[in-house]
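Peer 1: Below are the sequence and a predicted model; questions follow.
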Amino acid sequence: MDFFNGIKEVFTTEKYMVTIAEGLKNSLIITAGAVAIGLLLGLIVATIKIAATRSKYMKVPAFICDVYVAIVRGTPVALQLFIMAFAVFAIRGFPLIITAILTFGINSGAYVAENVRAGILSVEIGQTEAGRSLGLGYGTTMMRIVIPQAIKNVIPAIGNEIIALLKETSIVSMVGLIDLTFSAKIVGSGQNMADYLVPMCVAAMFYLVMVYIIASILKIIERRLRKSDRRN
Amino acid sequence: MKKIISLILVLTMAICGCFALTACNNNEQGEIVVFTNAFFAPFEYYDGTEIAGVDVDIMNLVGQSLGKTVVYENKDFGTLINYVQEGTLCDCAAAGFTITSERMEKVNFSVTYYTSVQYVIIAKDSMTTNTANDDETCFFWSQLGGKKIGVQLDTTGNIYVQGEIDGWEEGVDGELTGTNAECTAYDDAQLAYEALKAGQIDCIVVDELPSKYLIKNDAATYEAYALYYDADTATLEEYGIAVNKNQTELLTAINAVLNTLLADVDENGKNGVEQLVMAHFGLDG
């Protein structure tokens, strides 16, 4: 019964809810910013990598992209955040939330790039050939025929990435930002409730609800994109 | 498709815009940046989303005396001394630091403003208490032999326990050497307390005042008493504020504020810092 009383206490104490709301806000801002940067970076990197298969001018940019993906995927995001906060952006008064958004955006970009590349490659070469033989240029074929079909294929994978990002933001407390997990820690620390379990469970509920909302939105988007499918 | 791409572009540009705006006005010189670890009530703790506490009150007074605003940021306790030593991101760290010679090599310390004792938290009646010569109920180091001891990473509790287990210097055994005592370090004291409640460790060594906060809800099942070497010697330690070695002006200002507070003794014989401690300690009972 103590546990449920504790949950009630968290929800009815204004100070605790303000703290958790602040954490929730930061988590969402970081996720939203990182998703925007990640999608943009991912699209660019994927396009360059695909283009490099037929154009020799793209070999050098594609190599740079390979290095970027290798480094970002090869190191833990916690270390990347640490380096960004205490080496790259070690400027006094620099807002930490921007550092966090950039770190997670750059991190997510590498994963999105591979997802998008897989999506583009999943569209049969016949589609490209058909477009080209109808007299469309390579760029137009890509933009008008291949990428619209690719987007549809990568939505589930991108959804995974967004959800993973949201939960990954829980490491930003390392550099001094209050995120949802950290706000639960504040509520649970000695001078407040002196118990971690209850606020952590409350934070878990918030994560669950947010992930459910994101998943629902993605479902709607996917349904609309699949309107023309004969699959159903 | 176009809509999606343009949306992404707009978002990115908006973010870059914020970025450029904030990058412009970060060169304010009128700020003192103080790093702390706000899980050390009553010296520093989160009151809602703001950091408050005795150290914060002291640093605000310092800010007033220098005519600067004071900014507080929360960092991992173990990293604080290195930040102060480097000095690019912060000027000083007020986090209830015990003055030790290792830390003195890296940073300057203010005058001592509080004297604390290490406390041991145990499940009630799992160890017998002793009475020291100054009538304090206490535990002796030797009683911790063979126990699994939880501490907060890089705090004096951690340094002391590890030192007593490994021996303080070559060939000199500590109080716990060879007793199979184990030291487990947690990110904060509350986590160590959760581990104690879960039965993963036998006791926690932590500073006096935080220990009282930790057990405030569980007074029936847990107890905390001071840690003594023997009946005469407590594990005393002295708190100071860590200041970057180049910030002599700031150090002078901090010392001036602390000396004023320490000289301000009220009718109960409590000095200014102790009055602040009492004020914050009463906050949540």
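Peer 2: Sure thing, it's come through. Note that the structure is predicted; figures quoted are calculated from it, not measured.
Peer 1: Run the chain-centre distance for the lengthiest helix in chain A.
Peer 2: For chain A, the helix that runs over the most residues, judged by DSSP state H, is helix A:14-51. The gap between where helix A:14-51 is centred and where its chain is centred comes out at 6 Å by C-alpha atoms, centre = their mean, to the nearest Å.
Peer 1: so A:Arg117 makes contact with A:Ile50?
Peer 2: Yes: the pair A:Arg117 / A:Ile50 is scored as a contact, 6.4 Å apart, by C-beta atoms under 8 Å. From N, CA and C alone the C-beta is placed, and that goes for glycine too.
Peer 1: For B:Thr88, give me the pLDDT.
Peer 2: What the model reports as pLDDT for B:Thr88 is 86.
Peer 1: Three-state assignment for it, please.
Peer 2: Under DSSP: H, G, I helix; E, B strand; the rest coil, B:Thr88 falls in the coil class.
Peer 1: and it, what does it touch?
Peer 2: Shown in contact with B:Thr88 (C-beta atoms under 8 Å, 6 or more residues apart in numbering or on different chains): A:90, A:92.
Peer 1: circling back to that earlier point, what do A:Arg117 and A:Ile50 both touch?
Peer 2: Residues touching both A:Arg117 and A:Ile50 (C-beta under 8 Å, 6+ apart): none.
Peer 1: can you tell me which helix or strand B:Ala95 belongs to?
Peer 2: With secondary structure defined by DSSP states H and E, B:Ala95 is part of strand B:92-98.
Peer 1: What are the buried residues along that strand?
Peer 2: By neighbour count on 16 or more other C-beta atoms under 10 Å in any protein chain shown, the buried set for strand B:92-98 is B:92-98.
Peer 1: For stretch A:64-84, which outside residues touch it?
Peer 2: By C-beta under 8 Å, 6+ apart, the residues outside stretch A:64-84 that reach it are A:45, A:48-49, A:99-100, A:102-104, A:106-107, A:109-111, A:113-114, A:168, A:171-172, A:174-175.
Peer 1: can you do 6 Å?
Peer 2: With C-beta atoms under 6 Å, 6 or more residues apart in numbering or on different chains as the test, stretch A:64-84 has contacts from A:45, A:48-49, A:99, A:103, A:107, A:110, A:171.
Peer 1: Ok, stretch A:107-114 next?
Peer 2: In this structure, residues lying in contact with stretch A:107-114 by C-beta under 6 Å, 6+ apart are A:34, A:38-39, A:41-42, A:45-46, A:69, A:72-73, A:77, A:80, A:161, A:165.
Peer 1: CA-only coordinates of it, as PDB, when you get a sec.
Peer 2: C-alpha atoms of stretch A:107-114 as PDB (Å, rounded to 0.1, in the frame of the first residue of the first chain):
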ATOM      1  CA  ASN A 107      24.100  10.500 -33.400                       C
ATOM      2  CA  SER A 108      20.700   9.700 -34.800                       C
ATOM      3  CA  GLY A 109      21.700  10.900 -38.300                       C
ATOM      4  CA  ALA A 110      24.000   8.000 -38.700                       C
ATOM      5  CA  TYR A 111      21.300   5.400 -37.800                       C
ATOM      6  CA  VAL A 112      18.700   7.200 -40.000                       C
ATOM      7  CA  ALA A 113      21.100   7.300 -42.900                       C
ATOM      8  CA  GLU A 114      21.400   3.500 -42.900                       C
END
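Peer 1: Now do the closest residue to A:Lys152 other than its chain neighbours against A:Ala130, distance only.
Peer 2: Counting by C-beta to C-beta, 6 or more residues apart in numbering or on different chains, the nearest residue to A:Lys152 once its immediate chain neighbours are dropped is A:Leu225, at 4.7 Å. Distance, A:Leu225 to A:Ala130, by C-beta to C-beta, to the nearest Å: 21 Å.
Peer 1: elements contacting the helix or strand just after the strand holding B:Ala95?
Peer 2: Under the assignment DSSP H and E, the closest C-terminal helix or strand after strand B:92-98 is helix B:101-106. When contacts are defined as 3 or more C-beta pairs under 6 Å, 6 or more residues apart in numbering or on different chains; DSSP states H and E, helix B:101-106 sits against helix B:80-86.
Peer 1: what residues does the helix it packs on touch?
Peer 2: Taking contacts as C-beta under 6 Å, 6+ apart, the residues outside helix B:80-86 that touch it are B:35, B:89-90, B:93, B:95, B:103, B:106-107, B:242, B:244.
Peer 1: Among these, name the buried ones.
Peer 2: Using 16+ other C-beta under 10 Å as the burial test, the contacts of helix B:80-86 include B:35, B:89-90, B:93, B:95, B:103, B:107, B:242, B:244 as buried.
Peer 1: What residues does chain A have near chain B?
Peer 2: Applying C-beta under 6 Å from any C-beta of the partner chain, one finds that chain A approaches chain B through A:15, A:18-19, A:22, A:33, A:36, A:39-40, A:90-95, A:98, A:148, A:176, A:178, A:186, A:189-191, A:194, A:196.
Peer 1: at 7 Å what do you get?
Peer 2: Neighbours of chain B within chain A, by C-beta under 7 Å from any C-beta of the partner chain: A:15, A:18-19, A:22, A:33, A:36-37, A:39-40, A:90-95, A:98, A:101, A:147-148, A:174, A:176, A:178, A:186, A:188-191, A:194-196.
Peer 1: Which among these count as buried?
Peer 2: Burial by neighbour count, judged by 16+ other C-beta under 10 Å, picks out A:19, A:22, A:33, A:36-37, A:39-40, A:92, A:94-95, A:98, A:101, A:147, A:174, A:176, A:178, A:186, A:188-191, A:194-196 from the residues of chain A next to chain B.
Peer 1: among the residues you listed, which are in helices?
Peer 2: Taking DSSP H, the ones among these that sit in helices are A:19, A:22, A:33, A:36-37, A:39-40, A:98, A:101, A:147, A:186, A:188.
Peer 1: From the residues you listed, pick the one nearest B:Leu276.
Peer 2: Among those, A:Ile186 lies closest to B:Leu276 (C-beta to C-beta), at 21.3 Å.
Peer 1: Save the contacts of helix B:80-86 as TSV, and put in distance to A:Phe182 too.
Peer 2: TSV is the format used below for the contacts of helix B:80-86 (distance: C-beta to C-beta, whole Å):
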residue	distance to A:Phe182
B:Phe35	16
B:Leu89	19
B:Cys90	19
B:Ala93	19
B:Ala95	17
B:Arg103	26
B:Lys106	27
B:Val107	26
B:Ala242	23
B:Asn244	27
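Peer 1: And stretch A:192-202, end to end?
Peer 2: 15 Å (C-alpha to C-alpha, to the nearest Å).
Peer 1: List the buried residues in it.
Peer 2: Using 16+ other C-beta under 10 Å as the burial criterion, the residues of stretch A:192-202 that qualify are A:192-200, A:202.
Peer 1: right, and the pair among these with maximum separation?
Peer 2: Within the buried residues of stretch A:192-202, A:Ala194 and A:Val202 form the most distant pair, 15.3 Å apart (C-beta to C-beta).
Peer 1: one step back: now the buried members of the contacts of stretch A:107-114.
Peer 2: With neighbours counted by 16+ other C-beta under 10 Å, the contacts of stretch A:107-114 contain buried members at A:34, A:38-39, A:41-42, A:45-46, A:69, A:72, A:77, A:80, A:161, A:165.
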